[in-house]
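Chemist: please find the sequence and the predicted model below.
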Amino acid sequence: MANWCNNMVVFEGKPEAIKQIQQLFQMMKSKEETEEQGQLPDFIPDINGGWFFNIYWNEGDEGNFQYETKWSPNVEIIQKIAEHYKVNFIQDYEELGNMVYGRATFSDGIVTDVYLEDEDFENYHFDESIDSYHFEGETYESDYEILETLLERKISKK
């Protein structure tokens, strides 16, 4: 059974292109519900995985999508969609069971993928006795704020 990687992508570009991407994701969502299997856009060959599962978005958020992939993010597939429609994107992803947490951006034809590595995850620890996380002298109920802080620090160094 695969671990599920949560993805959130925001496409940025001309309104016409964003509408076409919205239609693409609506079509993939409908096909997934009918076929009960992950989807890829028709213009991307089915050779390396990267399928979209459980696609959804909030009403009115055109160009913003959330979905799952197996094990890891599908940055290469998102890049192919962006190139096809001539847009940029920001993709946030996480699969904490395998310590996957990062952000990929695509702008001016260049992908930048910044992610946390094993040593980043070693900067904080979980205290089971009080059910909380400790990071830089502070206590947190969840590790999400810690992970976001660590990722933002790495991004600012790039």
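Modeler: Cool, the structure landed. Just so we're clear, the structure is a prediction, and the values are computed from it rather than from any experiment. Residues are numbered from 1 along each chain as shown.
Chemist: domain-wise, how is the chain divided?
Modeler: 4-106, 116-158 (automatic domain parsing).
Chemist: average pLDDT across the longest one?
Modeler: This points to domain 4-106. The average pLDDT within domain 4-106 is 96.
Chemist: end-to-end on it?
Modeler: 23 Å (Cα to Cα, to the nearest Å).
Chemist: point out the most buried one among the domains of the chain.
Modeler: A comparison of the domains of the chain by mean neighbour count, using mean count of other Cβ atoms under 10 Å, puts domain 4-106 on top with a mean of 17. Quick note: C-beta positions are derived from backbone N, CA and C, even for glycine.
Chemist: contacts only, for Ile18.
Modeler: Each residue near Ile18 by Cβ atoms under 8 Å, 6 or more residues apart in numbering is listed here: 11-12, 62-63, 87.
Chemist: ugh, typo on my part, it should be Ser132
Modeler: 126, 139-141.
Chemist: give me phi/psi at Asp46?
Modeler: The phi and psi torsions at Asp46 (degrees, to the nearest 10) take the values phi -90, psi 70.
Chemist: I'd say it and Gln39 touch.
Modeler: No - using Cβ atoms under 8 Å, Asp46 makes no contact with Gln39, being 9.8 Å away.
Chemist: phi, psi for Val100 please.
Modeler: Torsion angles, degrees, to the nearest 10, at Val100: phi -110, psi 120.
Chemist: surely it and Ser72 touch.
Modeler: Yes - at 5.9 Å, Val100 counts as touching Ser72 under the criterion of Cβ under 8 Å.
Chemist: now for these two: what residues contact both?
Modeler: What both Val100 and Ser72 touch, as defined by Cβ under 8 Å, 6+ apart, is the set 5, 93.
Chemist: the helix or strand that Phe89 is a member of: how far from the chain's middle?
Modeler: If you go by DSSP states H and E, Phe89 is part of strand 88-95. Taking Cα atoms, centre = their mean, to the nearest Å, the mean C-alpha location of strand 88-95 is offset from the chain mean by 3 Å.
Chemist: ok, and what's touching that strand?
Modeler: By Cβ under 8 Å, 6+ apart, strand 88-95 touches 3-13, 69, 71-73, 75, 78-79, 81-82, 100-108, 147.
Chemist: next up, the contacts around the residue nearest to Leu24 when sequence neighbours are not counted.
Modeler: Ranked by Cβ to Cβ, 6 or more residues apart in numbering and with sequence neighbours excluded, the top spatial neighbour of Leu24 is Pro41, at 5.7 Å. Going by Cβ under 8 Å, 6+ apart, Pro41 touches 24, 28, 77, 80-81, 84.
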